[in-house]
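Enquirer: build me a model from this:
(2 chains, ligands or ions: 2)
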Amino acid sequence: MFSIYAIELENIWKVFPGNVQANCDITLRIGEGEVHGLLGENGAGKTTLMNVLYGLLSRTSGTVKIRGKEVNFKSPQDAIRLGIGMVHQHFKLIPIMTVTENVVLGAEPLYANLTANLKYWRPSINPALPTNFRSAEKKILRIAEENGLQIDPYAKIQDLSVGLQQRVELIKILYRDADILILDEPTAVLTPQEVDELFETLETFRKEGKTIILITHKLREPMTICDRITVLRRGELVGTVKRVDTSREQLAEMMVGRPVVFRVAKTPAKPTDTVLSVENLHVQDDRGLPAVRDISFEVKRGEILGLAGVHGNGQDELVEAIWGLRKVHHGEIYIEGERVTKYRPRKMRATGVGYIPQDRQKQGLILDFTTKENLILGGQHEPPFATGPRGFLLNALDITNYSNILVKDFDIRLRDIDEPISTLSGGNQQKVVAARAIGPNPKLLLASHPTRGLDVGATEYIHNVLIRMRDQGVAIFLISADLDEIRNVSDRIAVIFKGELVAIRTPEETDERELGLLMAGEQRAIPSEELTQ
Amino acid sequence: MQIIDVLFWGWIIQATLTLGTPLVLAGLGGMFSERSGVVNIALEGMMLMGAWAAVAASWYTDNPWTGVFAAIISGLILGAVHGVISVKLKGNQIVSGTGIILFAAGFTTLMLWVIWGTAGASGQVITLPEVRVPIIGLVSPLTFAMLALIPICWYLLYRTPFGLRLRAAGEDPSTLDTAGISVENYRMYGVLISGMLAAIAGAQMSIGFGSRFTIGMTAGNGFLALAAMIFGNWNPIGTLFAGLFFGFLQAISYGVQFAPGWEWLIGYSSFINMIPYISVIVALGIIRRSVPPKAIGVPYIKEKQV
Ligand SMILES: Nc1ncnc2c1ncn2[C@@H]1O[C@H](COP(=O)(O)OP(=O)(O)OP(=O)(O)O)[C@@H](O)[C@H]1O
Ligand SMILES: [Mg+2]
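Expert: Ligands and ions are numbered 1, 2, ... in the order given. Reported below is the predicted structural model:
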């Protein structure tokens, strides 16, 4: 079908220490100029396969060919030299450095006249010569211009939104003149608008003849942009299909091994008394600027309130303030009438609140701790996990039993609950975070992007758990950038824009278009006083 | 202003430079190591070793410059030891550092016996040729070297690929790794430079403003250098000012012993000696401006999933 293959992976095996077979005998050929989708459940081995291709991980056996030539990468530098670039699932950017520094790292330009005159210098001295930041900035601005990726080369990464950080990752690849791009879940953290922008960019890449591998969990995405799609399951290749011959349903079934329903079945909510009530809340962001302005709302027992909004409009500050991580500047928070405005997280937990934080690696997990330890984190100081005089000791037996139950209930794929959680795939890490919040049966659940990075099967599972919890009388406050999720799961949808609630709707009385406009601030429906009803 | 005041302040400046030089040099050394992600509490030991090596080599060759050269070699060796343990073998950096301090103390004591047959101090060697500066007086060539190193280090750290990669190794090694650069190599460079600078700092103490080696002569200056580095926020200019400030406090504690009108301070010189340490605690505890490199102290293991 293709005259030349850009990438040929033949019989790739990757076995991690402890006999974890992440890739089993995978053979995959990707044509020059093709946009190829790579799908698979959490832990299916997608990231591992791409890291092997990129030279970041060594392979156990198998051959890799790039444009027909067999290669043996010792480090990513070799891959970069052959024009391969990769955007990693968890961004590889240094927050305190500038955009330019991050982009040039490892490929720093020198002053040409200087290197020319230093004939007798060995290239190994080159890193100690001055970097030509001026030319780097020029090149970055040119790349930004040509590809519609506007960026300020002097900005520090820590001041950029996730969408902009992603842009920096793309620029990093283009800066190295890559024509084979590997994108590992680039859309997981993006808002719908940002996804559209990214796909426009990918479309221009395709026209320039670049080869793209796109890993994603959102089945709609490969169906709009990919030429062919490959599905992995538990380390093995299930099949490769052409987009025109397939459907979302078929892909989902290939991934999970059974049919998947995309719309979760749910009965209408029967909300009763108020659990969470937020009154005229004002919260500031890290820089002391107002992030949440005068927000009031209620979440009732037995309902799911979804909060939609473009990333960075105050939703993160809002949940952090409710959970007690962030100071409330003004206003009150009540749980079942109890004033909890000043409660810290431990007290909130004791009051019956569960929290799924938005960034699993930075806020949700301690990566060097075992899965078991992560699963009980937050409850380690009280029975049944703490025993002995004054809860001085950990009850190893109960902790193990409890962890095993959660691992089974949430279908967390792992080898051993006593291994560091960093060895789990991204999606399975997310399941641990969710399981920990839901495990103690809270009466209010704050779920911030609970399915980010999860595969369709796991997403379906989490959605069902949320709805089951709702039916059992839990109040759920769901924050998500995924409009499909918000619309499928929520009983009421609130939209936040620039720190203010601009509308509350039921899923029936609104549609994607209206929500999109509200999120973009194009339409302002009701003044916030009327929102609490 | 009376002539005696001019002389006194000239002396204070001279003493500040002289006593501050080893602090700044070793502080810069600590900075290179820690910026690359490796804690280096071994500075004290590396300084002591450098001080001894400088005297020993000068003793045999009658040339203080071979002393400086020998100090550099000794620093590179100890740096390599610390590097291999903590970077290549992923050992505990604090334990390795402590080991080096203890080793240096024991080794130099032993060698004092072997070479000079004494338990306290070595024989006298030639001091590095000092340069006369108006008002200030005689200044060690290593002080000029230190002053020249500040802009060089700054440039190296912030304006060259080397510096960028070194800082990346200390901030987020996996990012450097994915950029295709060896984290281990850059951490090794950091530790080696660190050993070299710390050893030169030691040479300043033994043959820069003295002429012999005495047991345990660095007397906590390595830790003070670490404090200067932290105080200076892991950057060369900050380290310069912090090191000189600590040197100034040391100079005051000597100076009060003969300065007219300051005699009443003599009884308090131990307290004055405490000021550097107290100011570090205060600065770190209250101001909390210092932000250490993020990945400091954590060995980088390649195939661990992040
Ligand atoms: N360094 C490692 N050591 C041991 N096992 C590992 C390591 N890295 C990954 N694994 C295991 O290999 C399997 C594949 O992981 P991988 O990260 O490739 O999954 P993935 O398909 O990218 O999943 P996700 O969609 O959740 O990101 C998982 O079972 C994971 O636990
Ligand atoms: Mg992955």
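Enquirer: CA atoms for contacts and neighbours, from now on please.
Expert: OK.
Enquirer: how many neighbours does the residue of the stretch 1-150 of chain B found nearest chain A have?
Expert: Closest residue of the stretch 1-150 of chain B to chain A, Cα to the nearest Cα: B:Arg35 (13.2 Å). Neighbour count of B:Arg35, defined by other Cα atoms under 10 Å in any protein chain shown: 29.
Enquirer: same question for the one 10 residues further on.
Expert: Burial of B:Gly45 is recorded as 32 neighbouring residues (other Cα under 10 Å).
Enquirer: give me the average confidence score over the helix or strand it falls within.
Expert: Counting by DSSP states H and E, the element that carries B:Gly45 is helix B:43-61. Helix B:43-61 carries an average pLDDT of 96.
Enquirer: my guess is the residue of the stretch 1-150 of chain B closest to chain A contacts B:Arg167, does it?
Expert: Yes - in this structure, B:Arg35 is within contact of B:Arg167 by Cα atoms under 8 Å, at 5.3 Å.
Enquirer: overlap in contacts, these two.
Expert: Common contacts of B:Arg35 and B:Arg167, defined by Cα atoms under 8 Å, 6 or more residues apart in numbering or on different chains, comprise B:Pro293.
Enquirer: quick check: residues of chain A near chain B?
Expert: For chain A, the residues in contact with chain B (Cα under 8 Å from any Cα of the partner chain) are A:56-57, A:75-78, A:80, A:92-94, A:101, A:105-106, A:108, A:127-131, A:422-423.
Enquirer: among those residues, which are in helices?
Expert: Residues of those located in helices (DSSP state H): A:76-78, A:80, A:101.
Enquirer: show me what contacts the residue lying closest to B:Pro161 once chain neighbours are set aside?
Expert: Once flanking residues are discounted, B:Pro161 sits nearest to A:Pro127: 4.7 Å by Cα to Cα, 6 or more residues apart in numbering or on different chains. By Cα under 8 Å, 6+ apart, the residues touching A:Pro127 are B:160-162.
Enquirer: which of the residues you listed ranks first by neighbour count?
Expert: Most neighbours among the contacts of A:Pro127, by other Cα under 10 Å: B:Pro161, with 26 neighbours.
Enquirer: got the confidence number for that one?
Expert: Note on B:Pro161: pLDDT of 95.
Enquirer: and it, what does it touch?
Expert: For B:Pro161, the contact set (Cα under 8 Å, 6+ apart) comprises A:105-106, A:108, A:127-131.
Enquirer: mind showing which ranges of the stretch 1-150 of chain B have poor pLDDT?
Expert: Applying pLDDT under 70 to the stretch 1-150 of chain B flags the ranges B:1-4.
Enquirer: swap in the stretch 51-200 of chain A?
Expert: Applying pLDDT under 70 to the stretch 51-200 of chain A picks out residues A:118-125.
Enquirer: that one: helices as residue ranges?
Expert: Using DSSP state H, counting those that start in this stretch, the helices of the stretch 51-200 of chain A run over residues A:76-81, A:99-104, A:112-117, A:133-147, A:162-175, A:192-207.
Enquirer: single out the most deeply packed of those helices.
Expert: Of all these, helix A:99-104 carries the top mean neighbour count, a mean of 25, counting by mean count of other Cα atoms under 10 Å in any protein chain shown.
Enquirer: which strands and helices lie in contact with that helix?
Expert: For helix A:99-104, the contact count by 3 or more Cα pairs under 8 Å, 6 or more residues apart in numbering or on different chains; DSSP states H and E identifies helix A:133-147, helix A:162-175 as packing neighbours.
Enquirer: what's next to that helix, contact-wise?
Expert: By Cα under 8 Å, 6+ apart, the list of residues contacting helix A:99-104 reads A:93-94, A:133, A:136-137, A:140, A:152-157, A:168-169, A:171-172, A:175, B:164.
Enquirer: need the contact list for B:Tyr155.
Expert: Residues in contact with B:Tyr155 (Cα under 8 Å, 6+ apart) are A:Pro130.
Enquirer: can you name the residue of the stretch 1-150 of chain B nearest ligand 1?
Expert: Residue nearest to ligand 1 within the stretch 1-150 of chain B (Cα to the nearest ligand atom): B:Lys90, separated by 16.7 Å.
Enquirer: check B:Arg212 and give its pLDDT.
Expert: The per-residue pLDDT reported for B:Arg212 equals 92.
Enquirer: is it in contact with B:Ala121, as I believe?
Expert: Yes - with contact defined as Cα under 8 Å, B:Arg212 and B:Ala121 form a contacting pair (6.9 Å).
Enquirer: quick one: low-confidence parts of chain A?
Expert: Ranges of chain A meeting pLDDT under 70: A:1-2, A:118-125, A:523-533.
Enquirer: residues from it in reach of ligand 1?
Expert: A:16, A:20, A:22, A:41-48, A:414, A:423-428 (Cα under 6 Å from any ligand atom).
Enquirer: these, buried ones only, as a ChimeraX selection?
Expert: The ChimeraX selection below is limited to those of the residues of chain A next to ligand 1 classed as buried (16 or more other Cα atoms under 10 Å in any protein chain shown):
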select /A:16,22,41,42,43,44,45,46,47,48,414,423,424,425,426,427,428
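Enquirer: mind listing the residues bridging to the closest residue to A:Thr506 other than its chain neighbours?
Expert: Excluding its sequence neighbours, the residue lying closest to A:Thr506 (Cα to Cα, 6+ apart) is A:Arg492, at 4.5 Å. With beta bridges defined as DSSP bridges, A:Arg492 has these partners: A:Leu305.
Enquirer: next one: A:Leu110
Expert: Beta-bridge partners, per DSSP bridges, of A:Leu110: A:Thr131.
Enquirer: need the contact list for the closest residue in space to B:Thr118 that isn't next to it in sequence.
Expert: Leaving aside its sequence neighbours, B:Thr118 sits nearest to B:Leu112 (Cα to Cα, 6+ apart; 6.2 Å). The neighbourhood of B:Leu112, defined by Cα under 8 Å, 6+ apart, consists of B:118-122.
Enquirer: assign B:Leu138 to helix, strand or coil.
Expert: What DSSP: H, G, I helix; E, B strand; the rest coil gives for B:Leu138 is strand.
Enquirer: tell me the contacts of B:Trp59?
Expert: With contacts defined as Cα under 8 Å, 6+ apart, B:Trp59 is in contact with B:123-125.
Enquirer: possible to save the residues you listed as JSON lines with distance to ligand 1 and neighbour count?
Expert: Converted to JSON lines, the contacts of B:Trp59 look like this (distance: Cα to the nearest ligand atom, whole Å; neighbours: other Cα atoms under 10 Å in any protein chain shown):
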{"residue": "B:Gly123", "distance to ligand 1": "57", "neighbour count": "16"}
{"residue": "B:Gln124", "distance to ligand 1": "58", "neighbour count": "14"}
{"residue": "B:Val125", "distance to ligand 1": "56", "neighbour count": "24"}
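Enquirer: re earlier: show me what contacts the residue of the stretch 1-150 of chain B closest to chain A?
Expert: By Cα under 8 Å, 6+ apart, the contact list for B:Arg35 reads B:166-167, B:169-171, B:190, B:234, B:293, B:296.
Enquirer: go with 6 Å
Expert: Contacts for B:Arg35 (Cα atoms under 6 Å, 6 or more residues apart in numbering or on different chains) come out as B:167, B:170.
Enquirer: from B:Trp234, how far out is it?
Expert: 7 Å (Cα to Cα, to the nearest Å).
Enquirer: over to A:Pro271?
Expert: Distance from A:Pro271 to B:Trp234, by Cα to Cα: 56 Å.
Enquirer: more neighbours: which of B:Arg212 and B:Ala121?
Expert: B:Arg212 (24 against 17).
Enquirer: and the following helix or strand past the helix holding B:Gly45, what other elements does it pack with?
Expert: Toward the C-terminus, helix B:43-61 is succeeded by helix B:64-83 as the next helix or strand (DSSP H and E). Contacts defined by 3 or more Cα pairs under 6 Å, 6 or more residues apart in numbering or on different chains; DSSP states H and E place helix B:64-83 against helix B:43-61, helix B:183-203.
Enquirer: using CSV, write out every CA atom in helix B:64-83.
Expert: The C-alpha trace of helix B:64-83 is given here as CSV (Å, rounded to 0.1, in the frame of the first residue of the first chain):
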residue,chain,number,x,y,z
PRO,B,64,53.8,26.7,45.3
TRP,B,65,52.3,26.5,41.8
THR,B,66,52.8,22.7,41.7
GLY,B,67,51.0,22.8,45.0
VAL,B,68,48.0,24.3,43.4
PHE,B,69,48.2,21.8,40.6
ALA,B,70,48.4,18.9,43.1
ALA,B,71,45.4,20.3,44.9
ILE,B,72,43.4,20.3,41.7
ILE,B,73,44.4,16.7,41.1
SER,B,74,43.4,15.7,44.6
GLY,B,75,40.0,17.5,44.2
LEU,B,76,39.4,15.7,40.9
ILE,B,77,40.1,12.3,42.5
LEU,B,78,37.8,12.9,45.4
GLY,B,79,35.2,14.4,43.0
ALA,B,80,35.4,11.2,40.9
VAL,B,81,34.9,9.1,44.0
HIS,B,82,31.9,11.0,45.1
GLY,B,83,30.6,11.0,41.5
